[in-house]
Every structure is written in C-alpha cells, then in structure tokens.
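Q: Can you look at this prediction? I've put the sequence above it.
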There are 6 protein chains.
Amino acid sequence: MSLLVISAHAGDFVWRAAGAIALATSRGERAKVLCLTYGERGESAKAWREGRTLEEIKDIRRTEATGAAEVLGAEIEFLDAGDYPLLESTELVDRMVRVYREVNPSVVLTHPLADPYNQDHPAAARMGLQARVLAQAIGYDAPGEPLGAPPVFFFEPHQPEQCGFKPDVLLDITPVFDTKRKAMECLPAQQHMWDYYTDLARRRGVQVKRNAGPNLGLPHTTMGEAYMRLYPQVTDVLA
Amino acid sequence: MSLLVISAHAGDFVWRAAGAIALATSRGERAKVLCLTYGERGESAKAWREGRTLEEIKDIRRTEATGAAEVLGAEIEFLDAGDYPLLESTELVDRMVRVYREVNPSVVLTHPLADPYNQDHPAAARMGLQARVLAQAIGYDAPGEPLGAPPVFFFEPHQPEQCGFKPDVLLDITPVFDTKRKAMECLPAQQHMWDYYTDLARRRGVQVKRNAGPNLGLPHTTMGEAYMRLYPQVTDVLA
Amino acid sequence: MSLLVISAHAGDFVWRAAGAIALATSRGERAKVLCLTYGERGESAKAWREGRTLEEIKDIRRTEATGAAEVLGAEIEFLDAGDYPLLESTELVDRMVRVYREVNPSVVLTHPLADPYNQDHPAAARMGLQARVLAQAIGYDAPGEPLGAPPVFFFEPHQPEQCGFKPDVLLDITPVFDTKRKAMECLPAQQHMWDYYTDLARRRGVQVKRNAGPNLGLPHTTMGEAYMRLYPQVTDVLA
Amino acid sequence: MSLLVISAHAGDFVWRAAGAIALATSRGERAKVLCLTYGERGESAKAWREGRTLEEIKDIRRTEATGAAEVLGAEIEFLDAGDYPLLESTELVDRMVRVYREVNPSVVLTHPLADPYNQDHPAAARMGLQARVLAQAIGYDAPGEPLGAPPVFFFEPHQPEQCGFKPDVLLDITPVFDTKRKAMECLPAQQHMWDYYTDLARRRGVQVKRNAGPNLGLPHTTMGEAYMRLYPQVTDVLA
Amino acid sequence: MSLLVISAHAGDFVWRAAGAIALATSRGERAKVLCLTYGERGESAKAWREGRTLEEIKDIRRTEATGAAEVLGAEIEFLDAGDYPLLESTELVDRMVRVYREVNPSVVLTHPLADPYNQDHPAAARMGLQARVLAQAIGYDAPGEPLGAPPVFFFEPHQPEQCGFKPDVLLDITPVFDTKRKAMECLPAQQHMWDYYTDLARRRGVQVKRNAGPNLGLPHTTMGEAYMRLYPQVTDVLA
Amino acid sequence: MSLLVISAHAGDFVWRAAGAIALATSRGERAKVLCLTYGERGESAKAWREGRTLEEIKDIRRTEATGAAEVLGAEIEFLDAGDYPLLESTELVDRMVRVYREVNPSVVLTHPLADPYNQDHPAAARMGLQARVLAQAIGYDAPGEPLGAPPVFFFEPHQPEQCGFKPDVLLDITPVFDTKRKAMECLPAQQHMWDYYTDLARRRGVQVKRNAGPNLGLPHTTMGEAYMRLYPQVTDVLA
C-alpha cells in the first residue's frame, strides 16, 4: 500500500491532506508528496513583502514543506515547475508518469478540478490525472510496470462551495490530528491558517459524527477531513 | 449488522439489490425487505392480460417475492399500500418508522429519488428517507430506541441515465451471483428480465474490474451491482 | 397522430405552444388542449381590478381560451380544478388518465417541472406525467386501451433560465405564425403579451436558423418555439 | 422596509439568520420571524431525555425563541403546525399568505429547498414560496394588498454541501455579531451550537474578506453569514 | 471606481455590455475596454464577402469599435492577438496582467466560460480570469500594486441557454439605453443586430420589472442587461 | 447528405458508432471516418505485450480499422497525430478544418467532452468542435466554402455514467446490426469487446422499445446505439 499526493504548491498537502497522510504512515504505508512548485510567487506574499529574492523564497518554502513532510512520515519531491501560472506541458506530465510508475500508488490525492480562486490547483489536478492514465498504458514509454487503477480523491479547497466541492468521503483523523497540527506549525509564514484548518477539522469532525450516527460513540473531539472521489468506489461490502 | 431494503413493488428488490442482500446474509447478517406494494397494477401486465383478478394478482406477487426473499435468506414484509399510484401518507410513513425502530438497520437500500418512468419509485424513496429521519428523533412517538444514522444507498433503476443515476459504488457480487439468478427465477412472469439483469451484472462487473485496476486479479467473470450514496461515506481509511 | 396539450391555466397553451398545435392541425392531426383551471385567480389580474366576480372571470377565460383553440383547430376541455393553488389529487390525476386513454396521444406537451414564479405550472406537469404513466398500465382501472409511450415535450416558461429550461428542440413555426398571432389576439386582457411572444418567436427563429446552418436557406423571417424533451428521442436517422 | 423570516422550527432563525435580522433592526427596519413549529419533536432531544411532556417542551422552546427574537429586536409568531413531520397543507399556506399580506416584506429569508437530513426544512421553504406567489395574486382571497416581488434568500443549512447550498451572497455581520451571540445564548439546550455557529461566522467572515478583496481594509475579525438567492438580483449598479 | 471589460472580439462589448459601461461612465467612473482581437476572421463575414483584405478588415473593425467606445465614454485598447482561433498563451495573459495592474478595476466584465458556438469567447474569459488571479499576487513580476479582488460578471452570450447562462443579476439600463443604441449603430456591418439586441434589452427589462416587483413603479419601457456572477456577492445589506 | 466521424483512436468509431455509419451508407450517403491516431500506445496493450514495435502496431491498427470501415461502406483517413497523450495543436485543428470543408458533412459524430478514463477522447472532441466552428468562418484561411451548421452527436463512451453521458437520442440500428458485428470482428485484438458491445446494443435496443412505446410493434430483437446532442435539434415536427 502506498499513497501519492500531488500538490500544486509546497503547502497545499499540509492544510488539506495531512490527516490522510499521517493515517497512512501510522499504518506503516509509504506516502509520497509530489510538489509541482514551491508556491514561490502565488503563495508567499509575506516573504515578498519582506523583500526576499525568488531563490530565497524557494529555499524557505522547500525547507518548511520538507519539515512538514518529515513530521508526517512522508517522502517529498519538488519538481520546481514554476507557479503563478503553473504551465501544463508534456514534459511535466512525463515526469509525473515516472513518479507514478516508481511509487505504484494504491491511492492518489490531489486538488479538485475547479477553483476560480487559483488556476494552478486545477492545472496540477489535470496533469496528475493525465499522468495516471498514461502510466496505465503498457505502450507509454517510461520505465516500470503499467499502473493499476488507484482510486483518486480530491482534497478540500479553500472555498469548497465555490469549487463545486461536495464531500463524499469524511475521513476520521482524530488519532493523528496532533500530528497534523505539528505539520501545520512547520509553516510559520501562514500562522493564521493553523487555527483556520483546526476549526475546519473540528467542523468536518462534527459531520463525521453526524453521518456515522449518534450511536457509534465517537468522541466529542472527533476531527475530520473531507474528500471527493473521482471514480466509483469498488467494494464487496456496502457500509 | 442488519440491512433494510425498501422496495416500492414486490419485484424491485430482486432485480436491483439481490446481490447486496445475498452478500449480507452470507456474512450472517439480518436482511429485511419491506415491500410497500405488490406491484399489482403497475408491474403485473402479464397477469392482467390473462384475466386475473386484483386479489389473485396480489397473491401471485406475494408468493413470488416471498420465494425470492427466501432464496436470498431475507425476511420480507408487505405493507399492501396500493400501487399505481403509490400514495404518500403520514400513516404509511409512520408504519415505516416502526420498521426502522424494530430492525435498527446498519444499512438502508432504496430507489433513487428520480424516475420519469415510474413515480412510485421516488415516492417509496421519499417516504423511506422521511421515515429514517423521523425514526432518529427521540421525540417521535413510536416504540423503540432512536435510530442512528445508517448510510443509504440507492439501487439501480431500469434506465439509469434517465434517472440521474451515476454509480458511485460498484459492489462485487461474484460470490453470490448464482443466488441472485435463482432469486430472479422465482419471478416467472418477467422471464425476459432474467437475462437482462444477468447482462447488467456482467456489465457492472466489467466496471468493477476497470475501477479496481487490472493488477487486482479479479476473475473475468466478475459480476457487479451499482449503487449511489445519499450521504457521504464515513471512514478511517481512504481506499 | 394526435397531440395532447396539458395546460395549468386557460392561456398557457396559447403563448407557449400555439405554433406546435397549429402545425399539427395543419397536417390534419387531432389536437386536444386540456386546461386544468381557468387561471381565474392567478392570471386574471385585470378582471379582478375591474371588480368581476369569480364566476364572471371563469366565463371570460373559458370564452377566450375556447376562441383561441378554435383558431388553432384544436379541441379544448376544462377540468375547472381551481388555481392558485392548483392542488394535486388522485381524483384529478384519474380524470387525466381517462383523457389520455381516450385521446391516445402520439405527442404530449406540458409545462416544465420547475418554475419558481408559479407553482401551478409544475403541479400540472407532475400530474400530467403521473397520469401518462398510469395510463400505460393495463392494471389501472380506467376505460380504454393502455397507452403507448408518447414523447413528452416541455414548452417554454415565461422566464426560461430561472426554470432550468434549456431548449433542446427548436421548432420552425414560420408557416403557422400568423395563426398563432390570431390565437394570441383572442386573449385581449393580456395584450402586452402579444408583442412579447411575437418577439420571442422571432428570437427563437434566429436560433432555428443558427442551428440549422446558414446554407439551409431559411428565410429572414423564420419564427420558432423552443421545447425540452423529457425522454430520449427514438429515431432511425441522426439529423 | 421589512424582513420576513420563515423558520421551520423555533431555533432555526437564530443559528442561521440572526445576523441578517439584527442588521435589519439596527437600521430601524421591521423584522418578523414566523416559526411554523416549535421543533418540539425533532429538535428537542435533551428535553425528551429529561422526561418533559410535549406541552412542556413547546413552552420551553417558545420561551427561548421569544427571548432570542427580543434580543434581535424582532417580532415573532408561532403557527404551532407540528413538526417531525411538518405536514404541508392548504390551510397552513393560507395562514402564511395572510402574514405576507400583513407584513408586506421587502425581503424574505427561509430554508433552502433540499435537506436530506431534515425534511421539515424544505417543507417550510416550499410552503413559504408557495404563499409568497399566492400573496402576489389580486385574485387570491385574503385581506390586504397584493404583494410585490420581494427577493428571497435561503439561509445556510447545517451541512451546506449536502444540501446543494452554494453561497452566492456573503453578508458582513461584524457590527451585530455580539447581538447574534447573545441571541444564541437564549437557547441553553443547544449550548454546543454557540461555538459551532461562532466558528462558522468566523469562517464565512474570512470569505467575506477574500471576496471583497484585500484592499478593502476589513478587520481581521470580520464575521459573516452565507445566503443563496432564489431569484436574480435586480440592481442599477454592478458591484 | 473603474470598470474593466475583457472582450474577445471588437464588437462583443457593445452588444452585451454597453449598458453597464454607459452606466459606469455616467456616474463619472473610468471604463476601459480591452479587445483581445478585432474579430477579423470570425465576425466579419460581410467584409470578407466584399473582398476586403485582412488588414482592411482590422482597420474597419478598429474604427467601428473605437467609435462605439467613444459614444460610451470608455477607453479602448486592442491587443490584436488574432482570432479564430484565439490562442491562449502566457505572453497574452501577461499583457492582461499589466492592464489589470494599471487599471486596478473595481469591477470586471467578460464572456462566460462555455460557448459551444464560439471557442474564442471562453478562451478570452479563461485568460481574463487567469490574469486577474496573477495580478493579485505580489510575487508576480509586473509593475504596479497587487490587485484586490474585484467581482467578475459574465455578460450574456448570443444563445444563453446553450452556454449554461442563468442570469443572476438583472441590470436596469433604462437611463442609458439610448446611448447603447447609438453605440450599436457604430457597427453598421451588423445592422440586423441592432434590433435583435434592442429586443433583448426589452425582454430583460420585463424581467427587471418582474423580479423587482410590481409595486416599484418601474416604467413600462424598462430596459435591461443580464449578468452572471463568478464569485459570491459581498454586502452588508440583503436586498 | 454526408456523415463525418471524428475518432481519437483507430477503433473507437467501430464500437460506438458503427450502427450510425452503416445506416448512413445503407441510405446511399457518404460517410467518412477521421482517425486522429492509431491508438498505438493507449489501446494496443495486447500487441505491446507480444513485443511488437511501434511501427508494427500502427500498421496492424491501420489495417484493422481500414477493414472495419470497408465493411461499413465508409471512407477512412488517419492523421497519425500520436496518442497517449493526443496533443491539441493549431496545426492539427487546421487539418481538421480542411476535412470539414472538403466533406461538408450534414452530421458530425465524435466523443463526449468528458472522460476521466481517457483524456485523448475529450481532446479529440474539443479539436473536432473547434475545427467545425472555424470551418464555418469565411475569414478562416482554408480551401472550400464555409461550412453550414451540421448537428453534432456524441457517441457513447465506455463508462457512460462516469462521463456525464445521458443518452438523448436512441438510434434503432436493427437493420444494420449484422454489419456492425462484422465490422467489430475486424478488430481481433479486442475480441472481448465483440460481445460487450453486442450486449450494449441489445440493452440500448430495449430502451429504444421502451421509449418508442409498446404499441409500435418493434421486434424483440431491436438493437440500438445511444447518442447525445450538443446543439438543439431543429425540426418542423415534434415527434
């Protein structure tokens, strides 16, 4: 079992998917985060206002994201493709195919396909999905075995309703929430997000309890993350 | 664990959900089918053409559906509410609340909420969902404990695309397909449906394999049933 | 071939479907308009302001609608079920089933299923669709043969975009537009609608030309009506 | 200017619309809350567990809601129509028409039209919208002048994404948030909701700032409420 | 206050947004029209049939559009990016970022994101939205201050329902309609559009009145334009 | 009358549209299949596993598809644009414009615009639609007369519900089904598809009968293909 997380910018995987990552690594699974960019232009306003150079900002972001991945027990790789705008290209998709073939993920997480506030996010998702299909083809020229059909989950965008994000999976992250909080605290430039995403986890936790039913005895402090499936769930038990 | 299946007419649960029922009973779980009507007016054309009376037709349908339920290892109850049209009423919903409170299902199956070919189907679903919410309220005046929040799955209608039915769960019913076939054969008046729903199970089976990925080693003969969730899935593992 | 038009109020069929009706009768087909109400409360503001009584208003509306139907060469029947609100009932649906069985329509026209400006319209449509399905069942207790599966077209509501109305059929009514205009002029209380619906016919006519292609040689004065299908089109030629 | 708020149960208007109400009354406008039921069965679990009788529970809820309305400077009226289920009826709609004619609201707030967790909410909304259209008709037999066309806003349901709720209006309630909090504190049985809806107001406040643009100088503590419009906005300035 | 209008071809802003532009300039605000192309290939059929060269056609279109902008009191700039197809490129988006930074618009108007009749329109919109987000980032390398978050309105396409265009703002353009008509008359090659868009303004005007309510006393001759919001409205008054 | 079929890979037109093609040629109409690629990488797994080279695979696919087209009485042309991924380019679109201008189709068939399992399919459709619009413009620099406005039909994807495919045209292909089967048998590498698409034709045939109505006397063996329209149907008879 292994988890691949495709993140447009260096911080996205922390706010939106750290719970799922920490759950996977706590079960002993491999987790790999693939950051297409550092978010150096679009998501580093504080550093720009402080007068940092582009290279300095990339360094800061890489260090922070690497620290967060470490807290989560995940590998991390940066493709440094340049953000704002993140340009889609055959070459970048090809690099992603190779990552798929190497990791052979059993589950994939990425951004949803619409975000009117940030076009880099859907661009990352489109390339991530394109690469997943290419990696499945034996005729695609890249090392490794053809990929299976790992399910894809979209993690939650910043303004979910404006992105057509309707949660269809509520993940109980209570046992690893402290780890998620620590990972968030690796990103000091966005300190206002720590509480914002703690509140969100609590809110999604209330929905975990609501949808699991009152008689399940989930604690008052249940914390959650929300996801959408791209493909239908395959199962042998309805539950 | 227990399964409650809410079926507008006597035969619906067989064509559309027999696999899920047989899987549940094969795991030793309780399964109960609640038929709101016998389908005596709307789904018994052959018997009417043969000149049967209303009561005869109800008898035939009850016998057939009871036989199918038996094959599946499920209990069955008929509310005889009258079909074509199935009228929504507070009294009928109240009877359904009592069934919910008695069965205390961990999973509920019913029709989708839209069907331009048969308004009884969404009427059954609306009442089934209404009753589920009422049964959750401690203040609702009916025996038994308040219900939890069992997930609800819509089973597949006859013309899925015209009913807004987009499968988001593909259930592997391979181990119990023979049982489903036997249950279908309990309904001799609709013999043309036996092959139709066998073909459909094969088609959904192909999709099970496609979405599970080629490397899972599912057999060529995988059979499936398709479902839609009404509420988000609650889980502690993304898979 | 015969056409059944189910209209909530006495005037609806004129503004929205007179072109289709006139085309049918010009081809020698039977056309029948079924008005569930006279629109006596909800669509007769002018008469109320003039101090007419309820009965007088019904008389006026019946006379006007009868005149319009006559211009179009169509039969008309009024069920006088009471408007604002038009209440849905088993009895009213049963009366409609009998009309279906008697007319045996090859095509059905009615209101779309959503209209936030007028709940009588979707109520009429829901009953019209319910009755159509009941009339198909041999087991439904009403005189006549079971109905086939006539296609259903929704005609255009007053504010189409707010009713989820996306035209998927553009009907060329150029040859009968003069007849439609004459039928509209049978409704003097709503004189401002004559030009409004003439403009609309011109607008839909432009779309007829646009979607038929410039090389078809349709005249500059093409007039149109827009419809939505409820069920898929059955055909043996794609065109 | 006057505001009419149609609430299925006694508490709904507080959690979801207290900010809009307090803003209206702070501008000197009339605000009236119409509670169709006390929420005595469906939203009073704590009181039932304490062994209260139906009448006691109604009393408690009336007292609490009246207190909250007072804090907000709003009138309140209870129709005591019975909840779980809230039954739709011509009589209840007629009573609502009379309220519309008396209040002559310039703005209407109510529940959204879908809520798979609580069917009373859409039932209240459907009746509220039906009554609004009937009240507009001069031919509808009720005292008072025909209503204009007040805009309708849906307030936010408890699990917005599952109810198809996409905010299209973000209301800045910062100046009256303390009043909203005081109104919430009038409902001691649902104390866990105080913080939940404070968190939500903060979350919607972040979105107010995001969508208003960083250069507007809104304070860090901006609080918000989210709404959906049913009808298009009419304006003479795009902003 | 300033208005930025992003138009794929030279004429689009006239037919679809001249009312909004004239309202803005009549209030003394700055308005700037940015035409990405002259519409020289796709929207100049008459000139091509007359045998004009590409350069002649560009000249004609520039002159006409400049005249229309002048009538409206707006600035106009042409990027001459080439139409049919309008190709999306980083360079073109970068030029648009610079316009955003210079104009610092408080409101943005552009095409909707879907148009199956003309792919240049959504291409212009996609680039316009991309540029808006890039212009907001302090890290994006272009002169000027980071942009705020100006609301974006989509203006009405030629066949609105086929483009998923559901008006959610109806703008009353009565006071400036004569100016809009004069601007339209600056485009003599498309004379058939003058009446078409006058009819449309009348039709949208009827909807302005309908949705504003009869008691507002709007004149019979109310003229309107329809818009869709991309982002939620931010306000401190529900109205 | 002529039919243009735009197919991403060499086999697509056979499984999904062979019935429509055979119907057209059986009426004496011209039919042309345009294959953008051979499907050499993405849809030739068997040949890759057998160790064939890229050129060998292209040859096999070309031969097979040419044979299938021959059986159907259709012309076929291959653009060899390279699959997995099929890259969108101005040059490729331009080649397609020239085909449109030469064939002057009265009907166009292509893939739907969404397919999460295969991004080549929507890429082919987007280019096909782009080219159609460009070919309509007299100002577009390519030989031949400007195209009219041929209707566009999307053929059925492999997993229709996951691609947003809701059939709105059901085509009766009974008279030519044997020909379709023979064309499928020209593709021996995908033998498992022969029965799969025969089953599908039977399933769509059941829907042809259902939607045409029982009284039409269609044979039990009716076979069908499903399509979606992109543009509204233009007609002078509702049927």
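A: The structure has been received and is ready for your questions.

Q: just for chain A, where's the confidence low?
A: A:214-217 (pLDDT under 70).

Q: quick one: the strands in it?
A: Here chain A has its strands, by DSSP state E, at A:2-7, A:30-35, A:75-78, A:107-110, A:152-155, A:169-172, A:224-229, A:233-235.

Q: Does A:P151 touch A:V108 like I think?
A: Yes - using CB atoms under 8 Å, A:P151 is in contact with A:V108, at 7.2 Å. Yep, even glycine has a C-beta here, placed from its N, CA and C like the rest.

Q: Next, count neighbours for A:S89.
A: Using other CB atoms under 10 Å in any protein chain shown, A:S89 has 11 other residues around it.

Q: mind checking how far it is from A:R16?
A: When CB to CB, to the nearest Å is applied, the distance between A:S89 and A:R16 equals 25 Å.

Q: Same question for A:E77.
A: 18 Å.

Q: more crowded one of these two?
A: Taking other CB under 10 Å, A:E77 and A:R16 do not tie; A:R16 has more neighbours (24 against 14).

Q: tell me the contacts of that one?
A: A:F155, A:E156, A:P157, A:E225 (CB atoms under 8 Å, 6 or more residues apart in numbering or on different chains).

Q: same question, A:I173
A: A:I173 neighbours (CB under 8 Å, 6+ apart): A:G19, A:A20, A:A22, A:L23, A:K180, A:A201, A:M223, A:G224, A:E225.

Q: can you tell if the lengthiest helix in chain A touches chain D?
A: Counting residues, the longest helix found in chain A (DSSP state H) is helix A:191-212. Yes - with CB under 8 Å from any CB of the partner chain as the criterion, chain D is reached by helix A:191-212 at A:Y196, A:D199, A:L200, A:R202, A:R203, A:V206, A:Q207, A:R210.

Q: interface residues of chain A facing chain C?
A: Within chain A, no position lies close to chain C (CB under 8 Å from any CB).

Q: And the helices in chain A, which stretches?
A: Assigned by DSSP H, the helices in chain A fall at A:12-26, A:45-49, A:54-72, A:90-103, A:120-136, A:177-184, A:191-212.

Q: Please identify the most buried of those.
A: Mean neighbour count (mean count of other CB atoms under 10 Å in any protein chain shown) peaks for helix A:12-26 among the helices of chain A, with a mean of 26.

Q: picking that back up, name the residues that touch the longest helix of chain A?
A: Contacts to helix A:191-212, defined as CB under 8 Å, 6+ apart, come from residues A:15, A:19, A:156, A:167, A:170-174, A:177, A:180-181, A:184-185, A:187, A:216, A:218, A:221-226, B:148-149, B:151, B:231-232, B:234, D:117, D:158-159, D:196, D:199-200, D:202-203, D:206.

Q: Next, the angle from that helix to helix A:177-184.
A: 150 degrees (axes from the mean of the first three to the mean of the last three CA atoms, to 10 degrees).

Q: residues contacting the closest residue to A:Y117 other than its chain neighbours?
A: Leaving aside its chain neighbours, A:Y117 sits nearest to A:Q159 (6.2 Å; criterion: CB to CB, 6 or more residues apart in numbering or on different chains). Contacts for A:Q159 were tallied using CB under 8 Å, 6+ apart; they are A:Y117, D:Q207, D:R210.

Q: coming back round to it: of all the strands of chain A, which one is nearest F:G67?
A: strand A:233-235 (36.0 Å; CB to CB).

Q: quick one: strands adjacent to the closest one?
A: Its sheet considered, strand A:233-235 pairs with strand B:169-172 (parallel) by DSSP bridges.

Q: what does chain A put close to chain F?
A: For chain A, the residues in contact with chain F (CB under 8 Å from any CB) are A:90, A:93, A:129-130, A:133-134, A:137-141, A:146, A:230-232.

Q: ok, which pair from these is furthest apart?
A: Farthest pair in those, by CB to CB: A:D141 and A:P232, 30.1 Å.

Q: More neighbours: these two, which one.
A: A:P232 (24 against 11).

Q: from what I can see the more buried one touches B:L170, true?
A: Yes - taking CB under 8 Å as the definition, A:P232 is a contact partner of B:L170 at 5.0 Å.

Q: hey, what's in contact with both of those two?
A: B:Q207, B:N211, B:A226.

Q: Redo the residues you listed as JSON lines? Include distance to E:L4.
A: Output for the shared contacts of A:P232 and B:L170, formatted as JSON lines (distance: CB to CB, whole Å):
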{"residue": "B:Q207", "distance to E:L4": "47"}
{"residue": "B:N211", "distance to E:L4": "45"}
{"residue": "B:A226", "distance to E:L4": "48"}
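
Q: what distance separates stretch A:3-12 from the middle of the whole chain?
A: 4 Å (CA atoms, centre = their mean, to the nearest Å).

Q: distance between the ends of that stretch?
A: Stretch A:3-12 has an end-to-end distance of 16 Å (criterion: CA to CA, to the nearest Å).

Q: List the contacts of A:L72.
A: A:L72 neighbours (CB under 8 Å, 6+ apart): A:A18, A:I21, A:A22, A:T25, A:A31, A:T179, A:K180, A:A183.

Q: Would you check which pair of the residues you listed lies furthest apart?
A: Among those, the pair separated by the greatest distance (CB to CB) is A:A31 and A:K180, at 13.2 Å.

Q: Distance check, the residue of chain A found nearest chain F against F:H9.
A: Nearest residue of chain A to chain F (CB to the nearest CB) works out as A:G139 at 3.5 Å. A:G139 is 11 Å from F:H9, where distance means CB to CB.

Q: Quick check: residues of chain A near chain E?
A: Residues of chain A found near chain E (CB under 8 Å from any CB) are A:40-42, A:44-45, A:48-49, A:57, A:84-85, A:87, A:116-119, A:162.

Q: and the two most separated of those?
A: Using CB to CB, these span at most 27.5 Å, a distance reached by A:I57 and A:Q162.

Q: so which of the shared contacts of A:P232 and B:L170 comes closest to A:T53?
A: Nearest to A:T53 among those, with distances taken as CB to CB, is B:N211, at 46.9 Å.

Q: Against F:T179, how distant is A:F154?
A: Taking CB to CB, one finds A:F154 at 43 Å from F:T179.

Q: Can you name the residues of chain A sitting close to chain D?
A: A:117, A:158-162, A:165-167, A:196, A:199-200, A:202-203, A:206-207, A:210.

Q: repeat that for 7 Å
A: Taking CB under 7 Å from any CB of the partner chain, the part of chain A that reaches chain D is made up of A:Q159, A:P160, A:E161, A:F165, A:K166, A:P167, A:Y196, A:D199, A:R203, A:V206, A:Q207, A:R210.

Q: Enumerate every residue touching A:D236.
A: If you count contacts by CB atoms under 7 Å, 6 or more residues apart in numbering or on different chains, A:D236 has them with B:L23, B:L171, B:D172.

Q: Residue of chain A closest to chain E, please.
A: For chain A, CB to the nearest CB, closest residue to chain E: A:R41, 3.5 Å.

Q: which residues sit in contact with that residue?
A: If a contact means CB under 7 Å, 6+ apart, then A:R41 has A:D83, A:Y84, E:A137, E:G139, E:Y140 as its contacts.

Q: Good, we can wrap up now.
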